[in-house]
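In: Let's see this in three dimensions:
(one chain, ligands or ions: 1)
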Amino acid sequence: METKRNFALRIRRKVLKFIYPLNSAANIAEGWERYARRYVGGEGEHLGDEWSLPELIDNVVPPDRFPSYLDEKLLSPFLGSCDVLLEIGSGGGRFTEVLLPKCHKLLASDTSRTMLKLLRKRFPHESKIEYLLLDGKGLSALADHSVDQAFSWGVFVHLQHWDIYNYLKELKRVLKPGGKAIIHHPNTFSELGWKHFLAEVPASLNRHKLPTTFSLFTAEIMKEFVQRVGLILVDCLTDVIKRDGISLILSPEN
Ligand SMILES: C[S@@+](CC[C@H](N)C(=O)[O-])C[C@H]1O[C@@H](n2cnc3c(N)ncnc32)[C@H](O)[C@@H]1O
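Out: Okay, here's the model as predicted:
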């Protein structure tokens, strides 16, 4: 039986093996496209099933139970169910699976063609999903007020502040009045967020941001951005996973 520590070390080695080659990519989206192309199978059945290690985020459940844990704790209570749900950066689809029963139509979006290809493979017979290839500059394929709810996990942690701002502006445009969004983002000055920041300093000096590194971001910046684009920040949770922030956002009724 493998110990928890050995398991964590093995996963970390695997993650690092993937991460180094993608850091020379021209931008964040391209870096993740490379990650997807290099992916040949991880700990779980699908890409990303091995992410969200308790050792890194101080979560109480192991990676395979993390999406359903989050669903129970947060997604179901805040989102409930709806007609059209947008997922920004679906990746390998570990949350797509949880989101599917919550809506009639799921817009699974990503900047990586290969991620979308893997996603189709994961859900070969799922007619509810519409796949959307993003250009990293917004949600131009979506009409104004066409989305009831939005969810994004593991994406904004890697994006720079102007990209985060731009997605929030786009969410204000595409969400229907009264629409809701859950966005996971960095919280640099939490205890674990700071530890993460310090770990990334050596490889980041005098370089552009690397695709996998976290941006500097806090609940306070999120609040400012959300207000400035005309959305409402219902809450920014910093205790569900202790490293990061999870913002619960509402689109005003008028
Ligand atoms: C760490 S993965 C998270 C995937 C999934 N949400 C999960 O938690 O398993 C980050 C995902 O964001 C996508 N991505 C990168 N830049 C993006 C951008 N500007 N807009 C939308 N998605 C992006 C990547 O291709 C990748 O699939």
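
In: How about stretch 172-189 and the ligand, any contact?
Out: No: taking Cβ under 6 Å from any ligand atom as the criterion, stretch 172-189 and the ligand are apart, separated by no less than 7.9 Å. From N, CA and C alone the C-beta is placed, and that goes for glycine too.

In: now that stretch: mean pLDDT?
Out: Averaged across stretch 172-189, pLDDT comes to 98.

In: Just the buried residues of that stretch, please?
Out: 172-176, 179-188 (16 or more other Cβ atoms under 10 Å).

In: pLDDT score assigned to the residue in the stretch 1-150 of the chain that the ligand sits nearest to?
Out: Closest to the ligand within the stretch 1-150 of the chain is residue 91: 2.4 Å, counting by Cβ to the nearest ligand atom. We have a pLDDT of 96 for residue 91.

In: Surely it is in contact with residue 116?
Out: No: between residue 91 and residue 116 there is no contact under Cβ atoms under 8 Å: 9.7 Å.

In: Which one of those two is surrounded by more residues?
Out: Just comparing residue 91 and residue 116: by other Cβ atoms under 10 Å the higher neighbour count belongs to residue 91, 25 against 21.

In: which residues does the more buried one contact?
Out: 32, 36, 47, 48, 110, 112, 115, 119, 154 (Cβ atoms under 8 Å, 6 or more residues apart in numbering).

In: What helices and strands are in contact with the helix or strand hosting the first one?
Out: In this structure, residue 32 sits in helix 28-38 according to DSSP states H and E. The elements that helix 28-38 packs onto, with contact taken as 3 or more Cβ pairs under 8 Å, 6 or more residues apart in numbering; DSSP states H and E, are helix 4-22, helix 113-122.
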